[in-house]
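1. Compute the structure for the input listed below.
(chains A and B, ligands or ions: 1)
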Amino acid sequence: MSGGPGAIESNAAVRAAVMARVRSALGVSDDRAAAQSAAASRLAARPFGPRPLPAGDPIERFAARALELSSTVERLARVEQVPSAVARYLESLDLAPALAAQRTRRGVCWPELGTLDWTGAGLEIEPRPARGDDRLGVTGAFCAIAETGTLVLVTGAATPSSTMILPDTHIAVLRADRIVEGMEEAYALLRDERATMPRGIHFVSGPSRTGDIEQTIVLGAHGPFRVHVVVVD
Amino acid sequence: MRVASIEFKARAGEKLADATLQRNLVRVKGKFAAKRAAAMAGFHDFEGLREAGREIRQRTLDDLDVWLGIFERSATAGGATVLWARTPDDINRLVLEIAFRHGVRKIVKSKSMVSEESSLDRAIEAAGLEVIETDLGEYILQINGYEPPSHLVGPALHKSKEEVADLFHRRHKTARKEGIEDLCLEARAVLREHYLTADMGISGGNFFVAETGSVVLVTNEGNATLATGLPRVHVAISGIEKIVPTLEDAATLLRLLPRSATGQPISNYVDVLTGVRGEGEGGVEHMYYILVDAGRTDVLASEVREALRCIRCGACMNHCPVYQSIGGHPYGWVYPGPIGSILTPMYAGLENAHPLPAASTLCNQCGVVCPVKIPLPDLQRKLRERTFERRLAPWSERAALRLWSWVAARPALYGASMRVVARLLRIWGGRERRIRRLPPGGGWTAGRDLPAPDGRTFREQYAARRRAGGKPR
Ligand code: SF4
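-> A predicted model of the protein is given here:
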């Protein structure tokens, strides 16, 4: 194998060859006006497929599903209560001896949460993106999905994904009125509120897990060992 | 990857006799199937969902050139560079050139089956760069000298925890761990370091969304999120068939994929990635797509086009009695099980893999569970026909088949010869009415007896019943 130069520059020829092969495989000519307009109407219509039948309060369903996925959920009346709730949560963690080092009072948060009174709750929380050795990351959420108990995080300058994926413990602050039914509604919100696609839309459903050794589920494969969702009214 | 599928029979025999593997297979057996069944029962209209999945995938395939064009425009507008690979070698050339262009030294990789078709990791290493697989299963295989994967979803499930413990002890030069949790913690620490120091992340692509020019990545470990979120460069590699029209279509397929794979209603991490980082954001500065042909257009042109609907859930192998008995390795290439028995001959050459479509009882367990309704046994039958037409099977097998078809095409002769055979077998079966050894099927009767027919053929019994005035049942 030679890493000869020019593979990128000469790629237009490869593209043309692949496209020609696709067209010949389909038995179509270069004039694809009909197929183009069929595709355009599919893009305009964006039909939904079959979906589960929702029953009951979306917030309760979100909480129930999230618990099934090994997240934990608590509800608070006001966002000012978050720091003391986080402190209580960290206090309550029952850690196996191998994970004892994960007990912490220090961490990082998204800038939007930086003005909360963390010190008052006895915590040291810096409003910056997480690094590899941060043990606690507190984020907000773009919205959440009742169908599957899923958090939706959208990346941006003030909403770095590293804060949810690198630390041992991920705590997400979610506004109750941002719980929507399914992925489709999350995309609808995104289309309403954003002009362009963000670099990352992350659908997070519980802690990082693996079943790659003997199909035995182990939490904390690469990312968080635990995800705690604080729903604020 | 080297194609070893032609040795299927010999390797299957070895695997059947391999006590450790058989123990590991028994342990895994049925777990996936039971979980899928529960997930399916929990969805009110799973059949409707399968039909919707089939429709989305088939629609894009039937106008694939148009959808590829739309994807390319959206992805480019989103800030990514779209590149094309005609052959597996093209993939490796492009990846290395991207790496050199951006001064990359270390690459972290989340799972990409397509890159195994081109043995990308070894090409990267041969060029003097470092590459680390981050999916735990793939990592285990990589540090075991690039052992081939045995399953689409759990590539290292053929290994026991003891085997993994020995491997880690040997390769990490650490104290030997006993428990699965400790093994996972050790891998986490090793891989964490690599994520933080890598210059480039390579991912596959579960779906490419035409509408937005995005790649959708699905993992439980979160390794794709890390591998594509931290390094400066992201390269997403997948087949041209992975295009879906809209985000909503991807949402529908995401209700099918994890349910069919592991019985989960959703995978822990679903990442929808588009272009490069925004203003003031950390992470990816350069994003590339590599859209791979490498045999896809041949499948598109063939009578097995439907195989391109595959979303790589692994359900067909989880339900396959042949796969369950021998594991994934005898299939001899990247994709094992029923879907592998179609894709391997098509991508790597029928002459190199014709035993695979033959290694099936056509029981259709796979076809029934496939979330996008690929009629896998029908496709296997079509490839068997090709094998016969191209004279790839041994002459004795072809002669026997030719004789059979000659007789079967002559109903009177067929009826007469079946009457003779049925009576002969009856006599052979003796009082016990069991045949302990049948020379042409010696392998078959080595493990079980053939029950002898009771002397009359089906057609005779049918005619007799009609004569007696009974309804044919
Ligand atoms: S062929 Fe169907 S069942 Fe098999 S992996 Fe592909 S999508 Fe899943």
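2. going forward, measure contacts and count neighbours with C-alpha atoms only.
-> OK.
3. got a list of what residue 105 touches?
-> Unless you meant another one, I'm taking chain A. Counting by C-alpha atoms under 8 Å, 6 or more residues apart in numbering or on different chains, A:R105 makes contact with A:87, A:90, A:122-124.
4. you looked at the wrong chain, it should be chain B
-> Contacts here follow C-alpha under 8 Å, 6+ apart; on that basis B:R105 touches B:99, B:129-130, B:198-199.
5. Quick check: residues of the stretch 301-450 of chain B near the ligand?
-> B:310-316, B:339, B:370-372, B:374 (C-alpha under 6 Å from any ligand atom).
6. how near is the closest residue to B:D63 other than its chain neighbours to B:R433?
-> Computed as C-alpha to C-alpha, 6 or more residues apart in numbering or on different chains, the closest residue to B:D63 that is not its neighbour in sequence is A:A35, at 6.7 Å. Computed as C-alpha to C-alpha, to the nearest Å, the A:A35 to B:R433 distance reads 63 Å.
7. Which PyMOL command selects the buried ones in the residues of the stretch 301-450 of chain B next to the ligand?
-> For the buried members of those, the matching PyMOL selection, counting by 16 or more other C-alpha atoms under 10 Å in any protein chain shown, is:
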select buried, chain B and resi 310+311+312+313+314+315+316+339+370+371+372+374
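8. Including pLDDT, could the residues of the stretch 301-450 of chain B next to the ligand go into a markdown table?
-> Supplementary listing: those in a markdown table, determined by pLDDT from 0 to 100:
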| residue | pLDDT |
| --- | --- |
| B:C310 | 98 |
| B:I311 | 98 |
| B:R312 | 97 |
| B:C313 | 96 |
| B:G314 | 95 |
| B:A315 | 96 |
| B:C316 | 96 |
| B:I339 | 97 |
| B:C370 | 98 |
| B:P371 | 98 |
| B:V372 | 98 |
| B:I374 | 98 |
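9. Now do the domain split for chain A, please.
-> Here the domain parsing of chain A from automatic domain parsing is A:5-45, A:58-232.
10. tell me the most buried of the ones you listed?
-> domain A:58-232 (a mean of 20; mean count of other C-alpha atoms under 10 Å in any protein chain shown).
11. Give me the mean pLDDT for that one.
-> Averaged across domain A:58-232, the pLDDT comes to 96.
12. and what of stretch B:202-211?
-> 98.
13. Helix or strand next in line after the longest helix anywhere in chain A, which one?
-> In chain A, assigned by DSSP state H, the helix with the most residues is helix A:11-26. With elements assigned by DSSP states H and E, the helix or strand that comes after helix A:11-26 is helix A:33-45.
14. who does that following helix touch, helix- and strand-wise?
-> For helix A:33-45, the packing partners by 3 or more C-alpha pairs under 8 Å, 6 or more residues apart in numbering or on different chains; DSSP states H and E come out as helix B:64-77.
15. other SSEs contacting the helix or strand following the helix it packs on?
-> Sequence order places strand B:80-85 as the next helix or strand after helix B:64-77, per DSSP H and E. Helices and strands touching strand B:80-85, as assessed by 3+ C-alpha pairs under 8 Å, 6+ apart, comprise helix A:11-26, helix B:64-77, strand B:286-292.
16. what's the angle from whichever helix or strand comes after strand B:80-85 to strand B:286-292?
-> For strand B:80-85, the following helix or strand on the C-terminal side (DSSP H and E) is helix B:88-101. For helix B:88-101 against strand B:286-292, the angle by axes from the mean of the first three to the mean of the last three C-alpha atoms, to 10 degrees is 170 degrees.
17. ok, the next helix or strand after helix B:88-101 near chain A or not?
-> As assigned by DSSP H and E, the chain's next helix or strand after helix B:88-101 is strand B:106-109. No: using C-alpha under 8 Å from any C-alpha of the partner chain, strand B:106-109 stays clear of chain A, with a minimum separation of 13.1 Å.
18. so what's the backbone phi/psi at the residue of chain A most remote from its centre?
-> Each residue of chain A has a distance to the centre, and by C-alpha atoms, centre = their mean the biggest one is for A:S29: 42.2 Å. With angles defined as degrees, to the nearest 10, A:S29 sits at phi -90, psi -180.
19. my read: B:R426 touches B:P453, true?
-> Yes: using C-alpha atoms under 8 Å, B:R426 is in contact with B:P453, at 5.7 Å.
20. shared neighbours of those two, which are they?
-> Taking C-alpha under 8 Å, 6+ apart as the criterion, B:R426 and B:P453 both touch B:R433.
21. show me where chain A has strands.
-> A:72-76, A:106-109, A:124-126, A:136-139, A:143-145, A:150-154, A:169-175, A:179-180, A:200-204, A:209-210, A:218-219, A:226-232 (DSSP state E).
22. Throw those into CSV and include distance to B:I124, thanks.
-> Shown next, in CSV, are these (distance: least, C-alpha to C-alpha, whole Å):
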stretch, distance to B:I124
strand A:72-76, 42
strand A:106-109, 36
strand A:124-126, 39
strand A:136-139, 34
strand A:143-145, 40
strand A:150-154, 32
strand A:169-175, 35
strand A:179-180, 44
strand A:200-204, 27
strand A:209-210, 27
strand A:218-219, 31
strand A:226-232, 35
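23. who wins for proximity to the ligand among the ones you listed?
-> When the strands of chain A are compared by C-alpha to the nearest ligand atom, strand A:209-210 sits nearest the ligand, at 19.6 Å.
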